[in-house]
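**Q** next comes the sequence, and after it the predicted model I'd like to discuss.
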Amino acid sequence: MLEVKDIHVHYGAIHALKGVTLNVKQGEIVTLIGSNGAGKSTLLKTISGLLHPTKGDVVFLNNSIIKKDSKYIVKSGITQVPEGRHIFPGMTVYENLLMGAYLRKDKDGIQQDLESVYKRFPILKERLRQDASTLSGGEQQMLAMGRALMARPKLLLLDEPSMGLAPILVQQIFDIIKDINATGTTILLIEQNARMALSIADRGYVMETGKIVLSGTGEQLSQSEEVKKAYLGG
Amino acid sequence: MVQFLQQIVNGLSLGSIYALIALGYTMVYGIIKLINFAHGDIYMLGAYVGFICTVQLGLGFFPALIIAMVTCAIIGVVIEKIAYKPLRNATRIAALITAIGVSYFLEASTQKIMGTSAHSFPDVLGTQTFNVLGVVISMKQIIIFVVTILLMLLLQYVVQKTKIGRAMRAVSVDADAAQLMGVNVNATISYTFAIGSALAGAAGVLVGIYYNTVSPLMGLVPGIKAFIAAVFGGIGIIPGAMFGGFFIGIVETLVTGYGSSLYKDAVVYIILIIILIVKPAGLLGKNVKEKV
């Protein structure tokens, strides 16, 4: 479904991604783990069209999207939930959700998806008219995910969804991710919480300083000595 | 009391004009964090378009108003594309200096084409006045006020209720996240310039009618006053600009009425200084805390 081929990204003199290759197949949950600064978010930004690589290609559904703008990419079915959630403060929860459906014109479909977002995240329905910035961290994460789902994505990119959340919420968020996947959305998940991420992922990649250093099924990576030592605390 | 009410009526007319100009300042600042110092000159161009429409083409008030708004909207968008867009990622001071350059360019070009002296604006609205309990209200004042309120309601509707309005608000708080929703940030910025400039164009026509005169440098002082109005209300906040505009207009006429017109500018600047010391985010502004 998604193929990232030998991507290089530079921030000025910094060589942030040094030839990253990975793929995501239809229906999978694929996770990308690695420490801070490894280049995980840079990769997602590149896939979403916010950054443009100096070399390499990204192919989505047999279409190269590397030269396209983010509008085209969202339209073709990739939506990102950015790190730090980035909900729109000063806008209501409802308006935030509508922003997710910005490129859609099918009123009925939007209404349907609103209903299913309310079902998945009942708390959002309760807070519909509230300023999004007054939500708690966990609620904001749910809003960011609900907003992304409003685009009806084929591939959902999640950047650190568990960041800064209480453990009980982390479990809840991961359950929701599994559930979203079960209803047919393919997921590429970036996490620092490697244990949780690997437990729900079909496959995983480990990234270090701009390169993929290891890959395998979730199971294999959880058992790998290197991963255990570096990311699972021994 | 009658004199006080009279000054309030006069102040509302002047304040309408400041408010319309202040809206453009505040919207542009809200979306690209640029103080568009050429904005006062857009207002001047609006006045000239109104002048050409009424005097040389013999059109009435409303056609002139619409044509001025459309022309200014186009000019605003073109200025943004040519002068500001290439500097989107440059330092803010570079964009600010460019804005001042654009301001001089517009003033000098108008002087070149229309001459440096003032032109008198015809009385397209008549000189009819009404006497309400001793307070004299002119037809012009009523029309200026009504047109301003209608434009403000329209603006509030567009910003709060339409898709493009949501996109404008989204881009102004988080351009990257808006882009991730598929919003075309450049187009949204163009819309903002178009709307802000159209409002300034409307203000230009209204002021031409109110004071019966247009001149190439007429945008300078009202531009600064409107900027103060925007800062006073809280720059980037639309209701703040409306409130600030009316407030500054009323203060000015009250100072003129009860003190001396010599002091009116001084008082306005003193108010700005006090606001910047006491509540730098402006009257309606709040210090936004970000959750991480």
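**A** The structure has been received and is ready for your questions. Numbers count the residues shown, from 1 in each chain, chains lettered A, B, ... in the order given.
**Q** got the buried residues for the helix or strand hosting B:Asp265?
**A** Following DSSP states H and E, one finds B:Asp265 within helix B:264-278. For helix B:264-278, burial by neighbour count (16 or more other Cβ atoms under 10 Å in any protein chain shown) applies to B:Lys264, B:Val267, B:Val268, B:Ile271, B:Leu272, B:Ile275. (Glycine included, C-beta is placed from N, CA and C.)
**Q** need the residues you listed in TSV (columns: pLDDT).
**A** Below are those laid out as TSV (pLDDT from 0 to 100):
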residue	pLDDT
B:Lys264	89
B:Val267	92
B:Val268	92
B:Ile271	90
B:Leu272	89
B:Ile275	89
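**Q** what's the closest of the residues you listed to A:Val213?
**A** Checking the buried residues of helix B:264-278 against A:Val213 by Cβ to Cβ gives B:Ile275 as the nearest, at 56.0 Å.
**Q** and the helix or strand of chain B with the lowest mean pLDDT, C-alpha only, in PDB?
**A** Ranked by mean pLDDT, DSSP states H and E, the weakest helix or strand in chain B is strand B:129-132, scoring a mean of 88. Taking Å, rounded to 0.1, in the frame of the first residue of the first chain, the C-alpha atoms of strand B:129-132 are listed here in PDB:
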ATOM      1  CA  THR B 129     -29.700  65.900   8.400                       C
ATOM      2  CA  PHE B 130     -32.000  64.700  11.200                       C
ATOM      3  CA  ASN B 131     -32.500  66.400  14.500                       C
ATOM      4  CA  VAL B 132     -33.100  63.900  17.300                       C
END
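**Q** what lines up beside it in the sheet?
**A** strand B:135-138 (antiparallel) (DSSP bridges).
**Q** got the residues of chain A near chain B?
**A** Residues of chain A lying near chain B by Cβ under 8 Å from any Cβ of the partner chain: A:48-50, A:69-71, A:74-75, A:79-80, A:82, A:84, A:86-91, A:95, A:98-100, A:102-103, A:133, A:137, A:140, A:147, A:151, A:164.
**Q** buried subset of the residues you listed?
**A** Applying 16+ other Cβ under 10 Å to the residues of chain A next to chain B flags A:48-50, A:69-71, A:74, A:79-80, A:82, A:84, A:86-89, A:91, A:95, A:98-100, A:102, A:133, A:140, A:147, A:151 as buried.
**Q** which parts of chain A are strands?
**A** A:2-11, A:14-24, A:29-33, A:55-60, A:63-64, A:78-81, A:155-159, A:186-191, A:203-208, A:211-217 (DSSP state E).
**Q** what is the biggest helix by length in chain B packed up against?
**A** Using DSSP state H, we find that the single longest helix of chain B is helix B:2-32. Secondary-structure packing of helix B:2-32 (3 or more Cβ pairs under 8 Å, 6 or more residues apart in numbering or on different chains; DSSP states H and E): helix B:39-51, strand B:135-138, helix B:139-161, helix B:163-173, helix B:185-211, helix B:220-233, helix B:238-258.
**Q** output the contacting helices and strands for the first one.
**A** Other helices and strands packing on helix B:39-51, by 3+ Cβ pairs under 8 Å, 6+ apart, are helix B:2-32, helix B:61-79, helix B:92-114, helix B:185-211, strand B:213-214, helix B:220-233.
**Q** between these, which one is closest to B:Lys140.
**A** Per Cβ to Cβ, nearest to B:Lys140 of these: helix B:185-211, 5.8 Å.
**Q** how about the residues of chain B near chain A?
**A** B:163, B:166-167, B:169-170, B:173-174, B:176-184, B:288, B:290-292.
**Q** skipping its backbone neighbours, what lies nearest B:Tyr263 in space?
**A** B:Val255 (5.5 Å; Cβ to Cβ, 6 or more residues apart in numbering or on different chains).
**Q** do B:Gly40 as well
**A** B:Gly223 is the one closest to B:Gly40 (Cβ to Cβ, 6+ apart), at 1.9 Å.
**Q** burial count for that neighbour?
**A** 26 (other Cβ atoms under 10 Å in any protein chain shown).
**Q** who's in contact with it?
**A** B:Ile21, B:Phe37, B:His39, B:Gly40, B:Asp41, B:Tyr43 (Cβ atoms under 8 Å, 6 or more residues apart in numbering or on different chains).
**Q** three-state assignment of the second one?
**A** B:Phe37 falls in the coil class when you classify it by DSSP: H, G, I helix; E, B strand; the rest coil.
**Q** what segments of chain A are helices?
**A** Using DSSP H, helices in chain A cover A:40-48, A:70-76, A:93-100, A:107-120, A:122-126, A:137-149, A:167-182, A:194-200, A:218-223, A:225-231.
**Q** export the last one as PDB, just CAs?
**A** This file holds the C-alpha atoms of helix A:225-231, laid out as PDB (Å, rounded to 0.1, in the frame of the first residue of the first chain):
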ATOM      1  CA  GLU A 225      18.000  -8.900  22.300                       C
ATOM      2  CA  GLU A 226      19.000  -5.600  20.800                       C
ATOM      3  CA  VAL A 227      15.500  -4.200  21.000                       C
ATOM      4  CA  LYS A 228      15.100  -5.500  24.600                       C
ATOM      5  CA  LYS A 229      18.300  -3.800  25.600                       C
ATOM      6  CA  ALA A 230      17.700  -0.500  23.900                       C
ATOM      7  CA  TYR A 231      14.000   0.000  24.100                       C
END
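**Q** give me the beta-bridge partners of the residue nearest the centre of chain A?
**A** Centroid-nearest residue in chain A, with Cα atoms, centre = their mean: A:Leu158, separated by 1.5 Å. Residues in a beta bridge with A:Leu158, per DSSP bridges, are A:Val81, A:Leu189.
**Q** I'd say it and A:Thr79 touch.
**A** No: judged on Cβ atoms under 8 Å, A:Leu158 makes no contact with A:Thr79 at a distance of 9.8 Å.
**Q** which ones are touching the spatially closest residue to A:Val206 that is not a sequence neighbour?
**A** Spatial nearest neighbour of A:Val206, excluding adjacent residues (Cβ to Cβ, 6+ apart): A:Leu214 at 4.0 Å. Neighbouring residues of A:Leu214 by Cβ under 8 Å, 6+ apart: A:Tyr205, A:Val206, A:Leu221, A:Ser224, A:Glu226, A:Val227.
**Q** what sits against the second one?
**A** A:Val206 sits next to A:Leu32, A:Ile33, A:Gly34, A:Ile212, A:Val213, A:Leu214, A:Ser215, A:Leu221, A:Glu226, A:Val227, A:Ala230, A:Tyr231 when contact means Cβ under 8 Å, 6+ apart.
**Q** pLDDT and distance to A:Lys55 added to the residues you listed, as a markdown table?
**A** Output for those, formatted as a markdown table (pLDDT from 0 to 100; distance: Cβ to Cβ, whole Å):
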| residue | pLDDT | distance to A:Lys55 |
| --- | --- | --- |
| A:Leu32 | 94 | 20 |
| A:Ile33 | 91 | 24 |
| A:Gly34 | 87 | 21 |
| A:Ile212 | 92 | 16 |
| A:Val213 | 91 | 20 |
| A:Leu214 | 91 | 23 |
| A:Ser215 | 92 | 21 |
| A:Leu221 | 89 | 27 |
| A:Glu226 | 84 | 28 |
| A:Val227 | 85 | 28 |
| A:Ala230 | 80 | 28 |
| A:Tyr231 | 78 | 28 |
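**Q** from those, which would you call buried?
**A** A:Leu32, A:Ile33, A:Gly34, A:Ile212, A:Leu214, A:Ser215, A:Leu221, A:Val227, A:Ala230, A:Tyr231.
**Q** which residues touch the residue nearest to the fourth one when sequence neighbours are not counted?
**A** The shortest distance from A:Ile212 to any residue other than its chain neighbours is 5.1 Å, reached at A:Tyr205 (Cβ to Cβ, 6+ apart). Taking Cβ under 8 Å, 6+ apart, we find A:Tyr205 in contact with A:Leu22, A:Val30, A:Thr31, A:Leu32, A:Ile33, A:Ile212, A:Leu214, A:Ser215.
**Q** of those, just say which sits nearest to A:Ile176.
**A** Nearest member of these to A:Ile176, counting by Cβ to Cβ, is A:Thr31, at 15.3 Å.
**Q** just give me the neighbour total for the closest one.
**A** Neighbour number of A:Thr31 under other Cβ under 10 Å is 27.
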